[in-house]
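[1] need a 3D model of the following:
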Amino acid sequence: MPQEQIQNKANTTVRAVSGEPRKHRVIVLNDDFTTFEFVIMVMMTVFMKTLEEAEDIAENTHVNQKATVGTYALDIARSKVAKAVNMARAEGFPLRFDIQAE
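    Residues are numbered from 1 along each chain as shown. Okay, here's the model as predicted:
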């Protein structure tokens, strides 16, 4: 990521970062308790996936123990994961996610 150093009036150096924010991959993790239907609903409502995409993610999670949901800026990834986890806890499910920098 390109960076430039700028000297401000207080004689300290501040780094200005230009370009796009770093992307982060959201990964859903398999567990033995969260239902397939609930995972599909979360994928559609929180991550805005189509029914077909949501079913593919749920199936991949079940088969491979994890699946990539999408790639987002870090603050968006954290927000979506928090919303999904809160929904899961409200329903009594232990659904978990991981966020990995690309």
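
[2] residue 28 should be in a strand, yeah?
    Yes: per DSSP: H, G, I helix; E, B strand; the rest coil, residue 28 lies within a strand segment.

[3] I figured it hits residue 97, correct?
    Yes: contact status for residue 28 versus residue 97: in contact at 5.5 Å, counting by Cβ atoms under 8 Å. Yep, even glycine has a C-beta here, placed from its N, CA and C like the rest.

[4] any residues in contact with both of those two?
    residue 69 (Cβ atoms under 8 Å, 6 or more residues apart in numbering).

[5] so which of the two has more stuff around it?
    More crowded of residue 28 and residue 97, by other Cβ atoms under 10 Å: residue 28, with 24 against 19.

[6] show me the contacts for the more buried one.
    By Cβ under 8 Å, 6+ apart, the contact list for residue 28 reads 39, 43, 57, 61, 66, 67, 69, 95, 96, 97.

[7] so how do I select the buried members of those residues in ChimeraX?
    Selection of buried members from the contacts of residue 28 for ChimeraX, criterion 16 or more other Cβ atoms under 10 Å:
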select :39,43,57,61,67,69,95,96,97
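
[8] run a quick neighbour tally on the residue nearest to residue 83 when sequence neighbours are not counted.
    Spatial nearest neighbour of residue 83, chain neighbours left out: residue 46 (5.2 Å); criterion: Cβ to Cβ, 6 or more residues apart in numbering. Neighbours of residue 46 under the rule other Cβ under 10 Å: 19.

[9] same check, this time on the one 3 residues further on
    Residue 49 has 19 neighbouring residues, counting by other Cβ under 10 Å.

[10] begin at 27, not 1, for the rest of this chat.
    Happy to do that; since the first residue is 27 now, the last one works out to residue 75.
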